[in-house]
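Peer 1: Let's see this in three dimensions:
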Amino acid sequence: MASWLITVQLQIIFVTANLTFLQSVTTQPVDVVLAILLLAGAVIGAQYGARMGSALKGEQLRALMAIMILAVCSRVAYEMIATPLDSFSIEKLL
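Peer 2: Sure thing, here's the model as predicted:
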């Protein structure tokens, strides 16, 4: 890959991240408690995932990924097809 392409991609990433940060500081739509919980979960999940990934074979990892994708797709399809109990409610179906 050309070095100029990496430079352009990094520039796009940094400008986008900076603008997103500045916009969230200005309008303050971010819940700090939720952000901290998400960061903690991401750090713990990354460590756990790295350990599990090194212990499993590539075929097993692909099978687990396929199962997760199919589960998410089936849940989204169910939520799109199922009739809600109340038309004006945004509660969970399950």
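
Peer 1: give me phi/psi at residue 22?
Peer 2: Dihedral pair for residue 22: phi -60, psi -40, per degrees, to the nearest 10.

Peer 1: 410 is where my numbering starts, stick with that
Peer 2: Sure thing, new numbering starts at 410, so read that last one as residue 431.

Peer 1: what's in contact with the helix or strand of the chain with the lowest mean pLDDT?
Peer 2: Ranking every helix and strand in the chain by mean pLDDT, DSSP states H and E puts helix 412-436 at the bottom, with a mean of 85. Identification of contacts with helix 412-436 by Cβ atoms under 8 Å, 6 or more residues apart in numbering yields residue 439. Glycine gets a C-beta too; all of them are placed from N, C-alpha and C.

Peer 1: Tell me which helix or strand the residue nearest the centre of the chain sits in.
Peer 2: The residue lying closest to the centre of the chain (Cα atoms, centre = their mean) is residue 451, at 9.6 Å. Using DSSP states H and E, residue 451 sits within helix 441-464.

Peer 1: Measure how that helix sits relative to helix 412-436, angle-wise.
Peer 2: Helix 441-464 and helix 412-436 are oriented at 150 degrees to each other (axes from the mean of the first three to the mean of the last three Cα atoms, to 10 degrees).

Peer 1: next structured bit after helix 441-464?
Peer 2: Toward the C-terminus, helix 441-464 is succeeded by helix 467-490 as the next helix or strand (DSSP H and E).

Peer 1: what's in contact with the helix holding residue 451?
Peer 2: With contact meaning Cβ under 8 Å, 6+ apart, helix 441-464 is reached by residue 470.

Peer 1: between it and helix 467-490, how many degrees?
Peer 2: Between helix 441-464 and helix 467-490, the angle comes out at 140 degrees (the same axes, to 10 degrees).

Peer 1: re earlier: check what pLDDT the residue nearest to the centre of the chain gets.
Peer 2: Per-residue pLDDT puts residue 451 at 94.

Peer 1: What's the separation between it and residue 439?
Peer 2: Separation of residue 451 from residue 439 (Cβ to Cβ, to the nearest Å) stands at 15 Å.

Peer 1: what's the answer for residue 422, then?
Peer 2: Residue 422 sits 19 Å away from residue 439, going by Cβ to Cβ.
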